[in-house]
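Trainee: No letters, just coordinates:
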């Protein structure tokens, strides 16, 4: 299995989820005091968006939760201070996601020009949620800030009828999110080896017909990404689903995959997997790449919790 990314191919699949792709500052400004903020919010459908350019640059959203995109409210993206001069000039990036009574936060004090972020909270049966992204830097004239925030009340599975939604929907944005995830997790040899939970693959020639491999999870593990390989004589395969099945029969998933470069199926479960032995089940074994053992090629990345 070759983890190197090449050109991203888009498929015109029927959209099943929604997302908001944001950029601050908006045109015609190219940056705000050398700052740029790019983000994607999934798990919500927004009915209104307001922009403010009074000293700060900010977007404020209102809408409803949408559990059809992986079952989580998720904020991912990156902040940039293009002319960052060094540690003597601090800047911060703070991200917060709340669903129901659960809140998660990321707080960064970057020491370079860019800071990436990715934060998700399961929606479950919650009826309310919110998110916020704030980046701030010092300057001789005082702090400069850009932010995006939103508040959601109620559930909208297919989107609010009769409204002018500012949400970006469709497969293209799912492709971009999967590409960003895959790039971050597999962009170089060092990153490829980090946070591996399970790997079955190699760089040898492959055939179709992969069978489900098994993995042992010794302690609770936060799953970030599962990727299966569908070379299929260079044709790739339309993405299906990936599921984990524990030895007692309990299923985790299925998660709908997104195809990157036609041949990589990528999902981002964002769940904590309890200890056990699991089979990795791919919905299209006929195109699942394998060699040697016959087991399908797969990479799983995450973070094992401390004992």
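Mentor: Received, thanks. Quantities reported herein were computed from a predicted structural model and do not represent experimental measurements.
Trainee: What strands flank the helix or strand harbouring residue 301, and is each parallel or antiparallel?
Mentor: Taking DSSP states H and E as the criterion, residue 301 maps to strand 298-304. Strand pairing for strand 298-304, using DSSP bridges, gives strand 196-200 (antiparallel), strand 221-229 (antiparallel).
Trainee: show me the contacts for residue 136.
Mentor: Residues in contact with residue 136 (CB atoms under 8 Å, 6 or more residues apart in numbering) are 91-92, 143-146. (C-beta placed from N, C-alpha, C; glycine too.)
Trainee: picking that back up, what's the closest of the strands paired with strand 298-304 to residue 151?
Mentor: strand 221-229 (26.6 Å; CB to CB).
Trainee: pLDDT weak spots in the chain?
Mentor: 1-19, 68-70, 140-141, 157-194, 307 (pLDDT under 70).
Trainee: can you point me to the longest strand in it?
Mentor: strand 144-155 (DSSP state E).
Trainee: phi, psi of residue 287?
Mentor: When quoted as degrees, to the nearest 10, the phi and psi of residue 287 stand at phi -110, psi 0.
Trainee: follow-up on the earlier one: could you flag which of the contacts of residue 136 are buried?
Mentor: Among the contacts of residue 136, those buried by neighbour count (16 or more other CB atoms under 10 Å) are 91-92, 144-146.
Trainee: Just send these back as JSON lines, with distance to residue 235 too.
Mentor: What follows is those, written out as JSON lines (distance: CB to CB, whole Å):
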{"residue": "91", "distance to residue 235": "46"}
{"residue": "92", "distance to residue 235": "47"}
{"residue": "144", "distance to residue 235": "50"}
{"residue": "145", "distance to residue 235": "49"}
{"residue": "146", "distance to residue 235": "43"}
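Trainee: domain parsing for the chain?
Mentor: 18-169, 180-304 (automatic domain parsing).
Trainee: residue contacts, the residue lying closest to residue 303 once chain neighbours are set aside?
Mentor: Nearest residue to residue 303, sequence neighbours excluded (CB to CB, 6 or more residues apart in numbering): residue 222, at 4.8 Å. Shown in contact with residue 222 (CB under 8 Å, 6+ apart): 270-273, 302-305.
Trainee: rewinding a little: what packs against the longest strand of the chain?
Mentor: Packing contacts for strand 144-155, counted by 3 or more CB pairs under 8 Å, 6 or more residues apart in numbering; DSSP states H and E, involve strand 18-24, strand 35-42, strand 44-52, strand 57-65, strand 128-137.
Trainee: hang on, residue 301 packs against residue 267?
Mentor: No: the criterion here is CB atoms under 8 Å, and residue 301 misses it with residue 267 at 11.3 Å.
Trainee: Need the residues touching each of the two.
Mentor: residue 225.
Trainee: ok so, going back, need the helices and strands packed on strand 144-155 in a markdown table (columns: distance to residue 282).
Mentor: What follows is the helices and strands packed on strand 144-155, written out as a markdown table (distance: least, CB to CB, whole Å):
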| stretch | distance to residue 282 |
| --- | --- |
| strand 18-24 | 25 |
| strand 35-42 | 23 |
| strand 44-52 | 29 |
| strand 57-65 | 30 |
| strand 128-137 | 32 |
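Trainee: Count residues in the vicinity of residue 56, would you?
Mentor: As a burial measure, residue 56 scores 15 neighbours (other CB atoms under 10 Å).
Trainee: Which residue, other than its chain neighbours, is closest to it?
Mentor: That would be residue 145: by CB to CB, 6+ apart, it lies 4.6 Å from residue 56.
Trainee: ok, now how distant is that neighbour from residue 95?
Mentor: Using CB to CB, to the nearest Å, we find residue 145 at a distance of 14 Å from residue 95.
Trainee: May I have the residues that are in contact with residue 90?
Mentor: 109, 137-138.
Trainee: quick one: the helices in the stretch 151-300 of the chain?
Mentor: Taking DSSP state H, counting those that start in this stretch as the test, the helices found in the stretch 151-300 of the chain are 171-186, 189-193.
Trainee: Go ahead and confirm residue 260 touches residue 239.
Mentor: No: judged on CB under 8 Å, residue 260 makes no contact with residue 239 at a distance of 9.2 Å.
Trainee: so who does the spatially closest residue to residue 216 that is not a sequence neighbour touch?
Mentor: The shortest distance from residue 216 to any non-neighbouring residue, by CB to CB, 6+ apart, is to residue 277 (5.3 Å). The contact partners of residue 277, by CB under 8 Å, 6+ apart, come to 214-217, 246-247.
Trainee: how about 10 Å then?
Mentor: Contacts of residue 277 were listed using CB atoms under 10 Å, 6 or more residues apart in numbering, and they are 214-217, 245-248.
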